[in-house]
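J.: quick one, what's the 3D model for this:
(2 chains)
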2 protein chains.
Amino acid sequence: MTNATPAYAALARTWNRLHRLSHLRDIASWDEAALMPPKGGEARSQALAEMDGLLHELITDPALKTQLAAAAAESLAEDERANLREMQRAWNASNALPQALVEARTLANARCEQAWRRQRPANDWAGYLENLREVVRLAREEAHCLAEGSGLSPYDALMDRYEPGMRSAEVDRVFGDLRQWLPDLIRRVQQKQAGETVLEPQGPFAKSAQQALGTDAMRLLGFDFEAGRMDESAHPFCGGVPEDVRMTTRYREDSFLPALMGVIHETGHGRYEQNLPREWLGQPMARARSMGLHESQSLSFEMQLGSHPAFAPLLQPLLVRHFGMQPAFEPANVHRLLTRVQPGLIRVDADEVTYPAHVILRYEIERALIEGQIECEDIPALWDEKMMALLGLDTRGNYKDGCMQDVHWGAGLIGYFPCYTLGAMYAAQWFAAMRRENPALDAQIAAGNLAPVFGWLKDRIWSQGSRWETPELARRASGENSLNPAHFRAHLEARYLG
Amino acid sequence: MTNATPAYAALARTWNRLHRLSHLRDIASWDEAALMPPKGGEARSQALAEMDGLLHELITDPALKTQLAAAAAESLAEDERANLREMQRAWNASNALPQALVEARTLANARCEQAWRRQRPANDWAGYLENLREVVRLAREEAHCLAEGSGLSPYDALMDRYEPGMRSAEVDRVFGDLRQWLPDLIRRVQQKQAGETVLEPQGPFAKSAQQALGTDAMRLLGFDFEAGRMDESAHPFCGGVPEDVRMTTRYREDSFLPALMGVIHETGHGRYEQNLPREWLGQPMARARSMGLHESQSLSFEMQLGSHPAFAPLLQPLLVRHFGMQPAFEPANVHRLLTRVQPGLIRVDADEVTYPAHVILRYEIERALIEGQIECEDIPALWDEKMMALLGLDTRGNYKDGCMQDVHWGAGLIGYFPCYTLGAMYAAQWFAAMRRENPALDAQIAAGNLAPVFGWLKDRIWSQGSRWETPELARRASGENSLNPAHFRAHLEARYLG
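T.: Numbers count the residues shown, from 1 in each chain, chains lettered A, B, ... in the order given. Predicted coordinates for the structure are as follows:
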């Protein structure tokens, strides 16, 4: 930022201001999910909506349009140019939306999500539906505004908020590929695993011991506890700000694996955030590139690394430390536990083989919902039908473990679900590239040396922030400039049928 | 708010907006003290400073000046008129300060406080002094600006932020009265107690058991857990928002009394906030009247009620439930523990008889500091001298238990300390009025019926918010329209020498 670039410098100051105000928003939003008592909900929703309105007001200030145009003509360094591109992208998305819609959306989403926390355990679909209708109505309106501004289809316009540049035609291509071989793969893996003996760990596992285990696992995975925390919430997530990452998980005393793998998953998100380019923090270039890329980090940690055959021996001493010795903690058994494939109702508890089925189902429903082909009332029947078709499971009447299980739709996060499976595919692509460059990788992991994995991810993904658009980031990281689902298939076949 | 009062209605909308944005500030600020990891500190300070700057910008919008003048001429209901008076007061205070000072102050205070958390345990006065100088420099500048706008002396102008209408001449009057009889009272109480046998509770007391005990005590005292939380921080406080009160305490495993009495104290603050007039929330009229009034509530809970001879029998079953039976939990002994008078180094651990000495010392130092009679460098020597004179204790070289023990000065809360003792005096005045109106009060407390106390406080104090200026509030509550320190003296003499 020099005097030679006054428009760019003014924009950078504005984005710093947005970053600081968003910081308060992000911490209060994390607090809402992790700590807030119920009667604080209405006031919190109003406060968040007010802030969203204010941020929207700041980014739709007419001065910015002029500054963006002027900055484009200024002499900028390459990284400043990338930063300007990201400013323009954020500006386009915000300026497509009227202020009143932004405030109404935040309010409706927060109300629906808060009520969902009570309604889900009560299996109260009727109650949830009432709030969800308003959320979907506003999401459609938002999709319409964004589509008008960008020329995208309404669903693509929503998805673009989470996965910039990704289009449903591309999602159809990779999910279509998946649909062809996944059901057969699930069957073959289940057949193979039917002959295996797996010992169940014997609980109960006290929450405090699980928390201590999670802390040890986060340390093993390099999480910086001076710049983040792990707490509890109904739906695990990673929030906060890059300078202070707030992750959550949830505990069940009958099984420690869901919380542990949740912790490992969120730690991948957390390290991405903690290692974004610090000298650029506050500027859009320092933000994580996309949610698909974000999921590629959590899944690199949870699946590529956490379910790696060499990871169970690293976990075993931690399990013994916190729960005492038991036969189920033998590393080969822990690995079998971590790679057991079993169609189930709950997405976040799904193994990596059946997980894509959960995503495909949600993608198909939410896309039809936004495109107006179905209404909220139609969700349960479609859910039942697709769960039966994809995973052979009956979900009729079981809303809480069916279409009410996720926070996303009620919180207005429509267009997000594809990112999970795109992330799984990117993660496989990253590890394939790591192995090509470093044939000793698996031996290093087996020796407990995870530094090469973290070093590669930090170098190629974390520290890059949003410097490159996704195809260029992928090319620089992996040598392939688009998402190649073949790596994901090869990974699953090698791990589960090899 | 009708169309007949357009200026008032516009102001009310602005204050609602300020309330909502402050909500995020207050939650993030609580989080900073209770949860934030250290590396989040710099970004949090910047975010809070940005928000303080923004709030200041909104309240110094020139439109408000016109609206305030116009609203004064509109036909308002009595409560709207009170609300307008409070708006005007907030406007006066904010408009006296330049924007840059507000931002610099928030930043300096947050930095000094964050560093203090490490410096205090390290007894690092030199490190603290460096930050404190900047805090005091900005506080003097602020005092100067506020004094110019109001015609008050600089120190009175700072104190007026916490205790509107209170002047140091009045503080001198009541503290002067105290100084006359307090040292002799301390001596007489110590002589009397020298002959008493007090059994020490045998620890350790696990933190989890202390937390459960605190929860039970808060329930007994009517705290609404649906609208607030209790967590931990280095310095106990009550923060958050009226809709979601966030209190903190701290635990030592060798003694449960400091945390328990801290919890009872903060619960008094918490119930005041939770019971402010809900239909007015968002408007200045719904805010707690003053910090002295606030302390009068925490001390009504901690001292008037918590150290009441009839309260120990209510506590005893809770102690047994969480720590098991031991001879020290016998109610008469618990009461002796709660009323033991012993000059000590730490203000927050002080008994109610020696507590005013801690406040007088701080008041004298901070007033001289703001009036430029002393500099930050002079604080330790003055502290040592006054602690010796008032309580006979040697604090030389012990900064961490001396002038570095409190969060206040480093956090820029200068002018606050008198509120603690004003609060203790108000609390005595409230209980004297309760007993005049309801001679059965002590018998009701002894029967475990605390509802009459809570009902009186809710009716006379909590639900009144800032409807009345303090003398009128005091008159309506107690029949006396100013602070009468005679009640405090009578209370101490009855309880400790009776």
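
J.: for the rest of this, base every contact and every neighbour count on C-alpha atoms.
T.: Fine.

J.: where do the strands of chain A begin and end?
T.: Remark: strands assigned in chain A by DSSP state E are A:228-232, A:238-241, A:244-249.

J.: what does chain A put close to chain B?
T.: A:17, A:20-21, A:23-25, A:27-28, A:36-40, A:43-44, A:46-48, A:50-51, A:225-229, A:243-244 (C-alpha under 8 Å from any C-alpha of the partner chain).

J.: do that again at 6 Å, thanks
T.: Residues of chain A found near chain B (C-alpha under 6 Å from any C-alpha of the partner chain) are A:20-21, A:24, A:28, A:37-40, A:47, A:226-228, A:243-244.

J.: report the lowest-confidence entry in the residues you listed.
T.: Minimum pLDDT for the residues of chain A next to chain B is recorded at residue A:38 (92).

J.: residues contacting that residue?
T.: Residues near residue A:38 by C-alpha atoms under 6 Å, 6 or more residues apart in numbering or on different chains: residue B:226.

J.: okay, the one residue in the stretch 51-200 of chain A that gets nearest to chain B: pLDDT?
T.: Going by C-alpha to the nearest C-alpha, chain B is nearest to residue A:51 of the stretch 51-200 of chain A, at 6.6 Å. Per-residue pLDDT puts residue A:51 at 96.

J.: leaving out chain neighbours, which residue sits closest to it?
T.: Closest residue to residue A:51 apart from its sequence neighbours, by C-alpha to C-alpha, 6 or more residues apart in numbering or on different chains: residue B:21 at 6.6 Å.

J.: among the residues of chain A next to chain B, which two are most distant?
T.: A:39 and A:226 (31.3 Å; C-alpha to C-alpha).

J.: if we can go back for a sec, pick the most buried one from the strands of chain A.
T.: Counting by mean count of other C-alpha atoms under 10 Å in any protein chain shown, strand A:244-249 has the highest mean neighbour count of the strands of chain A, with a mean of 26.

J.: so which elements touch it?
T.: strand A:228-232, strand A:238-241 (3 or more C-alpha pairs under 6 Å, 6 or more residues apart in numbering or on different chains; DSSP states H and E).

J.: tell me the strands beside that strand, with direction?
T.: strand A:228-232 (parallel), strand A:238-241 (antiparallel) (DSSP bridges).

J.: let me have the ones you listed in TSV, adding distance to residue A:367 as columns.
T.: Shown next, in TSV, are the strands paired with strand A:244-249 (distance: least, C-alpha to C-alpha, whole Å):
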stretch	distance to residue A:367
strand A:228-232	31
strand A:238-241	25
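
J.: confidence-wise, which helix or strand of chain A is lowest on average?
T.: Across the helices and strands of chain A, mean pLDDT, DSSP states H and E gives its lowest value to helix A:99-119, namely a mean of 91.

J.: what is that helix packed up against?
T.: Helices and strands touching helix A:99-119, by 3+ C-alpha pairs under 6 Å, 6+ apart, are helix A:41-59, helix A:125-150.

J.: go with 10 Å
T.: Helices and strands touching helix A:99-119, by 3 or more C-alpha pairs under 10 Å, 6 or more residues apart in numbering or on different chains; DSSP states H and E, are helix A:6-34, helix A:41-59, helix A:125-150.

J.: pipe those helices into CSV and attach mean neighbour count per row.
T.: CSV is the format used below for the helices and strands packed on helix A:99-119 (neighbours: other C-alpha atoms under 10 Å in any protein chain shown):
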stretch, mean neighbour count
helix A:6-34, 21
helix A:41-59, 21
helix A:125-150, 19
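
J.: quick check: which of those helices is nearest to residue A:156?
T.: Using C-alpha to C-alpha, the nearest of these to residue A:156 is helix A:125-150, at 7.9 Å.

J.: the closest one vs helix A:99-119, what angle?
T.: 150 degrees (axes from the mean of the first three to the mean of the last three C-alpha atoms, to 10 degrees).

J.: now for helix A:125-150, which elements pack on it?
T.: Packing partners of helix A:125-150 (3+ C-alpha pairs under 10 Å, 6+ apart): helix A:78-95, helix A:99-119, helix A:154-162, helix A:355-370.

J.: that concludes my questions; thank you for your assistance.
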